[in-house]
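Chemist: Task: produce atomic coordinates for the following.
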Amino acid sequence: MPNLEKSKWLGLIGISIAGFLGCLDLTIVNTALPAIQSDLKISVIQLQWIMTSLLLALTAFMVISGKLADIFGRKLCLFLGMILFALASLGVGFCSGINLLIFFRFLQGIAIAVLYTAPIALIPNLFPEHQRGRATGLLISANGLGLALGPVIGGFIVSTIGWRWIFFINPPIILISLLLSWSNVTESKHPSSTQKIDWLGFILIIISIPCLILALVQGAMWGWLSDKIIILLLIAIIGLVLFYFVENKISAPIIEFHLFANRIFLIGLAANFSLALSYAIDFFLIPLYLHFIKGLSGYQIGFSLLPATFMVAALSSITGKIVDKRGPKAILSFGLLMFFISALLQSQFGVNTPLYLILFAYLLFGIGWACILGPSIVAALSSLPQESAGVGMGTLGTLHNLGGAIGLAVGTLIYNILSKNNLQDLLNQRSIHAKAWTKEATANIDNAIQIIKNNTGLKLEEVTAIFQHYFLKGYQGAILLIAIASLAAFIAVIVGIKAPKAR
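Modeler: Residues are numbered from 1 along each chain as shown. Modelled structure (predicted):
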């Protein structure tokens, strides 16, 4: 009996390490973005695909990975996910070009979808009912710890041994997770007639969503009326329309569209979507601002992001207790208000913004994140009948990741348009004709100052001022999208959700 007791806790440690790594990978990469751009000589658009490719994989594979685990075995799928994650991490670390890096990041996203879903599904088979709550809490805490420590660990690694090692550290840790889990976790599966996989819907979403994102990202570069963009948009629109009709006809859809008729579910979904859109934009642009405008190193960037991620880890359990007592409306609206205020503050960041104000804005962002994440899920799922909770959670997860992918695409689009237009205005003011090289200057941040200097003959001080000005215009415009999304969700929550009496 003591050996059995020890075995299940060792198994929990093993699967918690896997979940920890999955969450760590979401925030550890952001601090490395400036270093990756500098090393690989890539544009802002290519840089954002490092994050977008992972989010697209999560969007498509999150729901299907859970169903595959139910059919073929949760332990088997978790181990395959661990191995894929380790191999994909090695692939990213050894990449010398951006295209392969994006491909391996997509594979990482597939693996992380498994690392998210399989561990929590294994707990009922590991623990008796009276211990499952504690075990689930420890697993979720490990995930939160990974999210919080990502920027600090990433910043330290980038500043000491290089950005590639944020990926090289994954395989040894995965090996430890595998060793702890192999003999201490028992297999569990749930094959039944209800566990059908929506392959047609999966194929449609894996084709249409990337086409939509690619069109949004490349539209300004290729031209909105170019053949490429028109074809991409047509594929996306036709694919999404077909996806809607397919999902309404099959018995086990990826997304239950009839749930959208439930007003409270839709509001919770909108708040959760707004959250993903906001942090995807913010955590992509923040490291670039801190590095290229404030001159911070990777290590300093990591610590600057810590107020946001730490608050998510520290406050999540507290917000859960508040929701239990007072319902989700108050805490959810407060979180969205924090996001709105943080975005307004960040939209005013400039060259001389003091560090304490930057950290304060990120602190508010973290508080908002913690107050939206759990309560938005509670608001959505509590409005559904018990038998719809599973499909409701699947729909939430799919659209959460989609919100992140769309946020990155639209945020990058806004940055590119505003920064390019502002650079052209600044050059026109100096009677310098803006040519094709201005696209390269706004896209390639790392070499922008040298590109402008070589093509204008202006002094370094003036070129630096021009770069800072147009970068900040693009950055501030993209951040305002967070304010708009947060305000819209805030109004929806205030108007659409009734506050229950305190319990």
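
Chemist: so who does Phe273 touch?
Modeler: 399-400, 402-403, 489 (Cβ atoms under 8 Å, 6 or more residues apart in numbering). Placement of C-beta: from N, CA and C, glycine included.

Chemist: quick one: which of these sit in helices?
Modeler: In this view, these that belong to helices under DSSP state H are 399-400, 402-403, 489.

Chemist: for the stretch 301-450 of the chain, what are the low-confidence residue spans?
Modeler: Within the stretch 301-450 of the chain, the set of residues satisfying pLDDT under 70 comprises 386-390.

Chemist: 50 - rerun?
Modeler: Within the stretch 301-450 of the chain, no range satisfies pLDDT under 50.

Chemist: Would you map the strands across it?
Modeler: With strands called from DSSP state E, counting those that start in this stretch, the stretch 301-450 of the chain shows none.

Chemist: Which residue ranges of the stretch 1-150 of the chain form helices?
Modeler: Using DSSP state H, counting those that start in this stretch, the helices assigned to the stretch 1-150 of the chain run over residues 2-28, 33-40, 44-72, 74-94, 98-126, 129-160.

Chemist: how about those in TSV, adding distance to Ile206 and mean neighbour count?
Modeler: Putting the helices of the stretch 1-150 of the chain into TSV (distance: least, Cβ to Cβ, whole Å; neighbours: other Cβ atoms under 10 Å) gives the following:
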stretch	distance to Ile206	mean neighbour count
helix 2-28	20	20
helix 33-40	25	21
helix 44-72	5	23
helix 74-94	17	21
helix 98-126	10	22
helix 129-160	25	19
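
Chemist: Let me know which of the ones you listed is the nearest to Gly477.
Modeler: Proximity to Gly477 (Cβ to Cβ) singles out helix 44-72 among the helices of the stretch 1-150 of the chain, at 13.6 Å.

Chemist: any idea of the mean pLDDT for the closest one?
Modeler: Averaged across helix 44-72, pLDDT comes to 82.

Chemist: quick one, it and helix 74-94 angle?
Modeler: Using axes from the mean of the first three to the mean of the last three Cα atoms, to 10 degrees, the direction of helix 44-72 lies 160 degrees away from that of helix 74-94.

Chemist: Distance to Ala409 for the helices of the stretch 1-150 of the chain - can I get that in a markdown table?
Modeler: As requested, those are exported to a markdown table (distance: least, Cβ to Cβ, whole Å):
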| stretch | distance to Ala409 |
| --- | --- |
| helix 2-28 | 17 |
| helix 33-40 | 16 |
| helix 44-72 | 7 |
| helix 74-94 | 21 |
| helix 98-126 | 14 |
| helix 129-160 | 22 |
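
Chemist: Quick one: closest of the ones you listed to Leu413.
Modeler: Here helix 44-72 is closest among the helices of the stretch 1-150 of the chain (Cβ to Cβ), at 9.1 Å.

Chemist: Now for the ones in helices among the contacts of Phe273: which two are most distant?
Modeler: Leu402 and Ala489 (15.5 Å).

Chemist: between the two, who's got more neighbours?
Modeler: Ala489 (29 against 23; other Cβ atoms under 10 Å).

Chemist: Give me the nearest residue to the more buried one, chain neighbours excluded.
Modeler: Of all residues not flanking Ala489 in the chain, Ser274 sits nearest, at 4.1 Å (Cβ to Cβ, 6 or more residues apart in numbering).

Chemist: ok, now which ones touch the one you found?
Modeler: 336, 339, 372, 403, 485-486, 488-489.

Chemist: what are the phi and psi values for it?
Modeler: Torsion angles at Ser274 (phi, psi; degrees, to the nearest 10) stand at phi -60, psi -40.

Chemist: Same check on Ile169?
Modeler: phi -70, psi -20.

Chemist: ok, now which ones touch it?
Modeler: Ile157.

Chemist: Thr59 contacts Ala405, correct?
Modeler: Yes - with contact defined as Cβ atoms under 8 Å, Thr59 reaches Ala405; the gap is 6.1 Å.

Chemist: Could you export the ones in helices among the contacts of Phe273 as CSV, including distance to Ser431?
Modeler: Below are the ones in helices among the contacts of Phe273 laid out as CSV (distance: Cβ to Cβ, whole Å):
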residue, distance to Ser431
Leu399, 49
His400, 49
Leu402, 46
Gly403, 44
Ala489, 45
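
Chemist: Which one of these is nearest to Ile15?
Modeler: Closest approach to Ile15 among those (Cβ to Cβ): His400, at 22.0 Å.

Chemist: I'd like to know how far that closest one sits from Phe167.
Modeler: 24 Å (Cβ to Cβ, to the nearest Å).

Chemist: Phe260 too?
Modeler: For Phe260 relative to Phe167 (Cβ to Cβ), the value is 38 Å.

Chemist: Also Leu345?
Modeler: 33 Å.

Chemist: higher neighbour count, the two?
Modeler: Between Leu345 and Phe167, counting by other Cβ under 10 Å, Phe167 is the more crowded of the two (26 against 19).

Chemist: The more buried one against Gly93, yeah?
Modeler: Yes - with contact defined as Cβ under 8 Å, Phe167 and Gly93 form a contacting pair (3.9 Å).

Chemist: mean confidence for the helix or strand hosting Met221?
Modeler: Met221 belongs to helix 199-222 when assigned by DSSP states H and E. In this model, helix 199-222 has a mean pLDDT of 85.
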